[in-house]
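Chemist: sequence? don't have it. structure:
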Ligand SMILES: [Zn+2]
Ligand SMILES: [Zn+2]
C-alpha cells in the first residue's frame, strides 16, 4: 500500500471504531470512476487506488466521511436526509457525487459530454451499443467520443 492508502485506511478505521463499527475492513480497488464504495454485505469500504493517488489526502478524507456516513445510516437510505445529516456531523461536505470542481478525475479513453449541463463522464472501454445516451439527471444528450 502507498503512504496515502495507509493514512486513509487508518483515518477511516479510527472513525469506524469510534462509532462502534469494529468489523468493517478497508480495501483498495482498481475502479476509476468510483472514489469510494460501501459494501454492506461484506462490511467493506473500497476506495479507488487511482483516485486516492491522484488526489490529496484531504480530498480522500472527504470521501471517507461520505462512505462512513453510508455505514452509519445503513443500506437503502441512499443519499437522503439521514445520510446527509450523518455526513455533515462527521465533518464531511454532505455532497452526493464528486465533480471536477474539487477532484482530480482519471481520464479514460472515452469521454461523454452532456449538451445541457456540460457534465463529463469517462470510460476506459468503448461504451456498449450506442454512443449517445440521455443524461438522466438533466435530460440532456450525452455523446461519447474517443479522447486522445
Ligand atoms: Zn454515496
Ligand atoms: Zn446533463
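Modeler: Thanks, I have the structure now. Quick caveat: nothing in here was measured; it's all calculated off a predicted structure. Ligands and ions are numbered 1, 2, ... in the order given.
Chemist: now for the lowest-mean-pLDDT helix or strand in the chain, which elements pack on it?
Modeler: Every helix and strand in the chain was compared by mean pLDDT, DSSP states H and E; the lowest is strand 120-123, with a mean of 80. For strand 120-123, the elements it packs on are strand 110-114, strand 141-146, judged by 3 or more C-beta pairs under 8 Å, 6 or more residues apart in numbering; DSSP states H and E. Using the backbone N, CA and C atoms, a C-beta is placed for each residue, glycine as well.
Chemist: any idea which of these is most buried?
Modeler: strand 110-114 (a mean of 17; mean count of other C-beta atoms under 10 Å).
Chemist: Show me what counts as buried in the least confident helix or strand of the chain.
Modeler: Using 16 or more other C-beta atoms under 10 Å as the test for burial, strand 120-123 gives 121-123.
Chemist: Let me know whether it sits next to ligand 2.
Modeler: No: Strand 120-123 does not reach ligand 2 (C-beta under 5 Å from the ion); its nearest approach is 9.7 Å.
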